[in-house]
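Engineer: Fold the following and give me the result.
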Amino acid sequence: HVVESGGGLVQPGGSLRLSCAASGDTLDHYAIGWFRQAPGKEREAVSCISSSDGYTDYADSVKGRFTISRDNAKNTAYLQMNSLKPEDTAVYYCAAIIGGSYYCRLDWEYQYWGQGTQVTVSS
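Structural biologist: As a prediction, the model looks like this:
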């Protein structure tokens, strides 16, 4: 079970940090992915991080602007979003998949999903 937080309204060029907290289990057994879905669009994979080796991957649309990280001691993963654009507006979801110790992929079938947090980029 994972729960997202940290969404909100931000101006273009601004920053937000999303958090993904685990409940009922320790996060360090799971690779974590962040996804987003804008109204009328399909869900898009944004980033992933392996469970223990720090391997990360990003969608081309966010490379250089978003940074995924995790703190297993706090049972939490993060998505730092900088230089936000209006097209980043979406509901952002955190998802977990068991395993992925040294590697992750954006197209894995993630097993556990949060309820989502809204990110709106607008002036």
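Engineer: Quickly find the element holding the most centrally placed residue in the chain.
Structural biologist: For the chain, Trp34 is the residue whose C-alpha lies nearest the centre (Cα atoms, centre = their mean; 2.6 Å). Secondary structure from DSSP states H and E places Trp34 in strand 30-37.
Engineer: Give me the next element, helix or strand, following that strand.
Structural biologist: strand 44-49.
Engineer: what mean pLDDT would you report for that next one?
Structural biologist: Strand 44-49 shows a mean pLDDT of 98.
Engineer: Other residues contacting the very next helix or strand once past it?
Structural biologist: Using DSSP H and E, the helix or strand that follows strand 44-49 in sequence is strand 56-58. The contact list for strand 56-58 (Cβ atoms under 8 Å, 6 or more residues apart in numbering) reads Val46, Ser47, Cys48, Ile49, Ser50, Phe66, Ile68, Cys104, Arg105, Leu106. In short, each C-beta sits where N, CA and C put it, glycine included.
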